[in-house]
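>>> Sharing a model that was predicted from the sequence below.
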Amino acid sequence: MDPEITSARQAADDARVLAFGQLQGAANRLGYLLGRALERECGITHLMYEVLLIVGRTGEDGLTMRSIAQEQVLTTGGATRLVDRMEALGLVTRTASPADRRVQLVRLTAFGEETTVRASRVHVANVEQFFFRPLPDDHRERFAEDLRTLSHFARDALPRLR
């Protein structure tokens, strides 16, 4: 607790509060802009795109529902509903794990692979336009590195799913 903050005005004007608010505001606005482009041009949500990427990284091995939930900060039920929608769109398949038949492995379909590539082309162009282009060239790499550090720190601070 910070004893220096003694009023709502001080809280609202605190540089740390303002910095985090700006980060959150930028993330919300950028998420909206980039997410709408994926929906409009590829027919998928940004969250679906993120799941396509993490499932695509695993290749033929597939990814468990628990891993998808943990990576995307979802409940296992939320991950299941999301994968249900993605399966209905033909983006992924689910199969029982050979090691444990109770565990479902999620894999990309050929259409999921094609959609990931198409969506990535759209996404990279929009990330360049809205995320990197406004920053000075010599700040971009350091900014991306700092965001990675924050993301990993926050991920590691989250409780693990059981």
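Received the coordinates, thanks.

>>> what about the closest residue to R94 other than its chain neighbours, how many neighbours?
What sits nearest to R94 in space, not counting adjacent residues and going by Cβ to Cβ, 6 or more residues apart in numbering, is Q104, at 4.6 Å. Any C-beta I mention is one placed from the backbone N, CA and C, and that applies to glycine too. A count of nearby residues for Q104, using other Cβ atoms under 10 Å, gives 18.

>>> Likewise for V92?
27.

>>> Ok, S67 next?
17.

>>> Check the gap between the residue nearest to R94 and L53 for me.
19 Å (Cβ to Cβ, to the nearest Å).

>>> do T93 as well
17 Å.

>>> Okay, now the unreliable bits of this structure?
Scanning the chain for pLDDT under 70 picks out 2, 73, 161-162.

>>> For the spatially most central residue of it, which non-adjacent residue is spatially closest?
The structure's the chain has its C-alpha centroid closest to E50; by Cα atoms, centre = their mean the separation is 4.9 Å. Once flanking residues are discounted, E50 sits nearest to Q72: 6.2 Å by Cβ to Cβ, 6+ apart.

>>> So that neighbour is in contact with V51, correct?
Yes. Using Cβ atoms under 8 Å, Q72 is in contact with V51, at 6.6 Å.
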